[in-house]
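Participant: Fold the following for me, if possible:
(chains A and B)
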Amino acid sequence: MAARAVPNIMKQGKLAPWLYLLPALLVMGFFIVYPMINTISLSFSNKDGTASAATTCVEGRTCWGIFENYRYALTAEIDSSSVGSFWSSFWRSSYGNTLKWIVLMVSGTVGLGLLFAVLADRVKYEALAKAIIFMPMAVSFVGAGIIWKFVYDFGTQQVQIGLLNAIITGLGFEPVAFLSVPQLNTIALIVVGVWIWTGFCMTILSAAIKSVPDEILEAARVDGATEMTVFWRIMVPIISPTIMVVITTMVINVLKLFDIVYVMTGGNFGTDVIANRMYTEMYVNFNVGRGTAVAVVLVLAIIPFIYFNIKRFLAQEEIR
Amino acid sequence: MSKMLKLFTGLLLVSLVLAACGGTATETMPEETISDEMCMGAAPGDELSLLYQWSGQEEERLNQILQPLVDTCGIVLKPESTRDQALLDTRVQAGTPPDVAFWQVTQLVQYQDQLQAMDELGADRASYSDFFLDPMTINGRWLGLPIKADIKTIIWYSPATFDALGYSVPTTWDELDALVEQMVADGNVPWSMGLESGDATGWTGSDFIQDILLVQQGPDYVNGLIDGSIPYDDAGVAQAYETYGKWAKDPAYTVGGAQGTLSTAFLAAIYKPFSDPPEAMMVKQSGFAGGEVKTQFPDLVYGTDYDFFVVPGAQGLQGGVEPMMAFNDTPAVRALVTYLASPEGGAAWAAAGFDLSPNKNGEGNYTDPALIKKAEAFYNTQGFTPDIGDSIPGGFGSAEWTAIVDFLNDGDLATALAQAAAVQAEALK
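Facilitator: Numbers count the residues shown, from 1 in each chain, chains lettered A, B, ... in the order given. A predicted model of the protein is given here:
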């Protein structure tokens, strides 16, 4: 009689957990797993997905058989006839440009975000300052692209409607075609990306800075540490896990970046990035095989960063 | 049934008499009647489903053209207007295609197994020049009825500005070249060019270069590029690029030089010869530019303030022809195909002013002054070439644009053309 009656609801078979998971699994399977598998299989097919990619090989040219679309995705933009041409074509290819984006935009957004977070921490009108810097994040990327397209506008008339060229010609210099001069144009696009994303980095880093214990900071100052020393030796090490998370998040964002390039140059004039190239192959050239191959390359490039991000996340969970 | 037929024959007779009486009138309206035979056995009440991309005024014009089929044969039109090609694709894949679709030439290839042959539906081959039918013939079957065309080989200018500065419209390529040099000597910028067009940046350049090819090499050469018998890095193409580049890269010849050409939006380039004061003297752009000028400068009058001339010395024209394709073989479809390919159909199309009708019988039936001028070049051309980039599948179009943009951006011409030629070879292997 001592045995306590267990309510029926507590008695669950092996099936019950799966039933709870089922809706989520169905949705995930249908919208994530199935498209992923389909994309990978299409990347081994021809331009309309009706035959193997091997059938698209041209006699007398290098061909990777079933991996033909990957040969195209990886080598078509690169001129490997000599070291010099390899170098110059790489930096105009979507891969070279994406690399520029990663280096400049991630360092730009995280660096500026950190700077603004620290500075805003010390002023009375912190909320206002942060709100202003965060504001571009509220503008849609397409809208931001269009706004900046006007800022960079290169007019052939005396009157420059572009803000930057109006200033440049006002100072007596020749107008600059920011969006069509190679190399300069990619930098001009990255500036737009930094403008949009700095607020995001700043907000997260600012929260991290607020969580740095005041006692440590005060102790350091009492011991005679300068503000620079406090920042580099105390603040940065303490918030470094957050900085790493922000960096990896930004790298993933930049790898997927599409809107700014599509709206402002359409990937022309040597500004193409991987995500825009995927779009071009898919919806301008209507080559499903090549488009999906570029997509798979992009996914493979992102996976290490996602893995790193998840590992960080789990490590932080354990600390709590 | 027979009663209905009698009624229709009666109506037909009455309208014939009316048309005969109206023959003396100055207005040359199309005869809005067709013979009963042309109904091809379609009975009153037969439905005909149509799918097209037109709307508004375009749709009204089409209705005007098709009215005789409704009046005489009693065919009930079931039109559907969409710009979404996915709708057509879905319908065809689901096995419920429209009876006829007015779409692009690429769909003739895509749906060649589902389409009906035009000659079997009663279309008269004699109404069309061979160079219109060749692109519509897939694997030996005539699948598309060339229905509507526009020409790109034209240059827009301001007659008022030309008069004021003492320039006259050139009639040969050498005269055009001399005119351009004269303008430069006078300190006027001859050309307004603009390549910027989002992810299609470069297409206005490819149009210009194709016209130069038509002048320097002729339509057979252009068709050779399209079928791959001539590689895109051929000396003739390089020559055309050099000719184009001489103008497009130099601020004396084009507004803003190379960077002006690259950065200016194609629409903005259309406006420049017509602004006050004009920034340039001429802009090479397709027929639609006239409408854009009218919208931007409502006060300007066609013929005095803006007008066009056909690229002088071009041996053939460049332009787009839209096909009509038939998915079903019904009496109503036969009636439509027979009618549109007939002298009456061609005349009605021209009279409606719905661009140009490739049907030879359209000649002489245009009323719009711009169309009359275009028609003169159109019906006397030695050849008609589609856009090279649009005609070669597999990304050649964007490869061609890239070549032009790289070339203007001080890239090496041989390298730029070699890359486009590689894409061309791959696409047409």
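Participant: For B:Glu292, the count of nearby residues, please.
Facilitator: Residues near B:Glu292, counting by other Cβ atoms under 10 Å in any protein chain shown, number 16. No exception for glycine: its C-beta is placed from N, CA and C like everyone else's.
Participant: With B:Ile226 instead?
Facilitator: 21.
Participant: Kindly report the same for B:Gln57.
Facilitator: So B:Gln57, with other Cβ under 10 Å, has 10 neighbours.
Participant: mind checking how far it is from B:Tyr306?
Facilitator: B:Gln57 sits 20 Å away from B:Tyr306, going by Cβ to Cβ, to the nearest Å.
Participant: Chain A contacts on the stretch 51-200 of chain B?
Facilitator: By Cβ under 8 Å from any Cβ of the partner chain, the residues of the stretch 51-200 of chain B that approach chain A are B:Ser197, B:Gly198, B:Asp199, B:Ala200.
Participant: at 7 Å instead, please
Facilitator: B:Gly198, B:Asp199 (Cβ under 7 Å from any Cβ of the partner chain).
Participant: can you tell me the residue of the stretch 51-200 of chain B closest to chain A?
Facilitator: B:Asp199 (3.7 Å; Cβ to the nearest Cβ).
Participant: What sits closest to that residue if chain neighbours are left out?
Facilitator: A:Gly266 (3.7 Å; Cβ to Cβ, 6 or more residues apart in numbering or on different chains).
Participant: so who does that neighbour touch?
Facilitator: Counting by Cβ atoms under 7 Å, 6 or more residues apart in numbering or on different chains, A:Gly266 makes contact with B:Gly198, B:Asp199, B:Thr201.
Participant: Could you list the low-confidence segments of chain B?
Facilitator: Across chain B, the ranges flagged by pLDDT under 70 are B:1-33, B:394.
Participant: Show me the residue at the heart of it, geometrically.
Facilitator: B:Asp150 (2.3 Å; Cα atoms, centre = their mean).
Participant: if I look at B:Pro98, how far off is B:Pro68?
Facilitator: Noted for B:Pro98: a distance of 21 Å to B:Pro68, by Cβ to Cβ.
Participant: repeat for B:Phe407
Facilitator: As for B:Phe407, its distance to B:Pro68 is 51 Å (criterion: Cβ to Cβ).
Participant: And the two? Which one has more around it.
Facilitator: The neighbour comparison of B:Phe407 against B:Pro68 (other Cβ under 10 Å) goes to B:Phe407, with 25 against 22.
Participant: For chain A, see how far away that one is.
Facilitator: Distance, B:Phe407 to chain A, using Cβ to the nearest Cβ, to the nearest Å: 12 Å.
Participant: Figure out the helix or strand that that residue lives in.
Facilitator: B:Phe407 is part of helix B:396-408, with elements assigned from DSSP states H and E.
Participant: biggest helix in chain A by residues?
Facilitator: Taking DSSP state H as the criterion, chain A has its longest helix at helix A:288-319.
Participant: List the buried residues of that helix.
Facilitator: A:288-298, A:301, A:305, A:308-309 (16 or more other Cβ atoms under 10 Å in any protein chain shown).
Participant: Just name the closest of these to B:Leu51, please.
Facilitator: Closest to B:Leu51 out of the buried residues of helix A:288-319 is A:Val288 (24.2 Å), distances taken as Cβ to Cβ.
Participant: so what's the closest one up against?
Facilitator: For A:Val288, the contact set (Cβ under 7 Å, 6+ apart) comprises A:Leu42, A:Ser45, A:Lys47, A:Asp48, A:Gly49, A:Met282.
Participant: Using ChimeraX, define a selection of the buried residues within the residues you listed.
Facilitator: The buried residues among those can be selected in ChimeraX (16+ other Cβ under 10 Å) with this line:
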select /A:42,45,47,282
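Participant: Take the contacts of A:Val288 and keep only those in strands.
Facilitator: Per DSSP state E, strands hold no members of those.
Participant: now for the contacts of A:Val288, which pair is the farthest apart?
Facilitator: That would be A:Ser45 and A:Met282, which, of the contacts of A:Val288, are the farthest apart (Cβ to Cβ) at 13.1 Å.
Participant: Stretch A:138-148 and chain B in contact?
Facilitator: No - Stretch A:138-148 lies out of reach of chain B by Cβ under 7 Å from any Cβ, never closer than 10.8 Å.
Participant: ok, and what's touching that stretch?
Facilitator: Contact with stretch A:138-148 is made by A:Pro136, A:Val192, A:Ile196, A:Asp259, A:Ile260, A:Val263, A:Met264, as judged by Cβ under 7 Å, 6+ apart.
Participant: ok, of the residues you listed, which come out buried?
Facilitator: Here the buried ones among the contacts of stretch A:138-148, as counted with 16+ other Cβ under 10 Å, turn out to be A:Pro136, A:Val192, A:Ile196, A:Asp259, A:Ile260, A:Val263, A:Met264.
Participant: Can you give me the distance of the closest residue to the fourth one other than its chain neighbours to A:Phe258?
Facilitator: What it means is A:Asp259. Sequence neighbours aside, A:Phe141 is the residue nearest to A:Asp259 in space, at 3.7 Å (criterion: Cβ to Cβ, 6+ apart). Distance of A:Phe141 to A:Phe258, computed by Cβ to Cβ: 8 Å.
Participant: Looking at these two, which has the bigger crowd around it?
Facilitator: Using other Cβ under 10 Å, the more surrounded residue of A:Phe141 and A:Phe258 is A:Phe141, with 19 against 16.
Participant: ok, now how distant is that one from B:Leu267?
Facilitator: Between A:Phe141 and B:Leu267 the distance is 24 Å, computed by Cβ to Cβ.
Participant: Point out the other helices and strands that the helix or strand of chain A with the lowest mean pLDDT packs with.
Facilitator: Ranked by mean pLDDT, DSSP states H and E, the weakest helix or strand in chain A is helix A:83-90, scoring a mean of 84. Contact partners of helix A:83-90 among helices and strands, from 3 or more Cβ pairs under 7 Å, 6 or more residues apart in numbering or on different chains; DSSP states H and E: none.
Participant: And it, how far out from the chain middle?
Facilitator: Its chain's C-alpha centre and that of helix A:83-90 lie 25 Å apart, by Cα atoms, centre = their mean, to the nearest Å.
Participant: Could you check that helix and say which residues are buried?
Facilitator: Under the neighbour-count criterion of 16+ other Cβ under 10 Å, helix A:83-90 has A:Ser89, A:Phe90 buried.
Participant: Residues touching it, excluding its own?
Facilitator: With Cβ under 7 Å, 6+ apart as the contact definition, helix A:83-90 has outside contacts at A:Glu77, A:Ile78, A:Asp79, A:Ser80, A:Gly96.
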